[in-house]
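# give me coordinates for this.
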Amino acid sequence: MSISSTSAHVLNETSAQVILRDGQVEVRLITDIDHLVSVLQNEQAWLMGDIEQVMPTNLSEQQQEDFIKNALAKNMTLLVNQQAIAFERVVVETKTSGSSHGEEIVFQAKHDFANVDDIALSFPKNLGSVHASFVKPRYQYLGAGDTGHVVFHNR
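Alright, predicted model coming up:
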């Protein structure tokens, strides 16, 4: 009989879900926070221009979270209909349900466009590769027993 050890799955790359709603864009970023902290505290990354400022090592957990939120929001570029939109709110949510563990960083921005034709988002280099999905929900009210129907048009 052999006993093998298992290790928890570590997210090697960052994933993002960009959700476009009426008047709002939400970016839900899932990344390895410990890895991100090590990158933000790396003086070599600062010398190479990958980060603007080195995160001090003696920060409290709250100060570290604030530093991360600030650094990411400052270096992400969001364009809606080719117009730059600033993030108004950034929140770190701890995920504890199901198989998901760790932090999710949620960025929110508002826009005034009645129709959105295009959206562009760039992430800071220090996040590495990002698997991004862009979503525009279609909402319907379904009564008991009703069927929802959505038609997707390809361009």
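# tell me where the model's unsure across this structure.
Along the chain, segments meeting pLDDT under 70 span 1-12, 95-102, 154-155.
# find the centremost residue of it, please.
Leu29 (1.9 Å; Cα atoms, centre = their mean).
# if I look at that residue, how far off is Leu142?
As judged by Cβ to Cβ, to the nearest Å, Leu29 and Leu142 stand 31 Å apart. For the C-beta atoms, the positions are set from N, CA and C on the backbone; glycine is no exception.
# now the strands for this protein?
14-21, 24-30, 77-80, 83-85, 89-95, 102-110, 119-122, 130-135 (DSSP state E).
# can you list these in a markdown table and add distance to Met55?
A markdown table is the format used below for the strands of the chain (distance: least, Cβ to Cβ, whole Å):
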| stretch | distance to Met55 |
| --- | --- |
| strand 14-21 | 17 |
| strand 24-30 | 17 |
| strand 77-80 | 21 |
| strand 83-85 | 26 |
| strand 89-95 | 15 |
| strand 102-110 | 15 |
| strand 119-122 | 21 |
| strand 130-135 | 20 |
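# please identify which of those strands is closest to Ser60.
Nearest of the strands of the chain to Ser60, taken as Cβ to Cβ: strand 89-95 at 13.9 Å.
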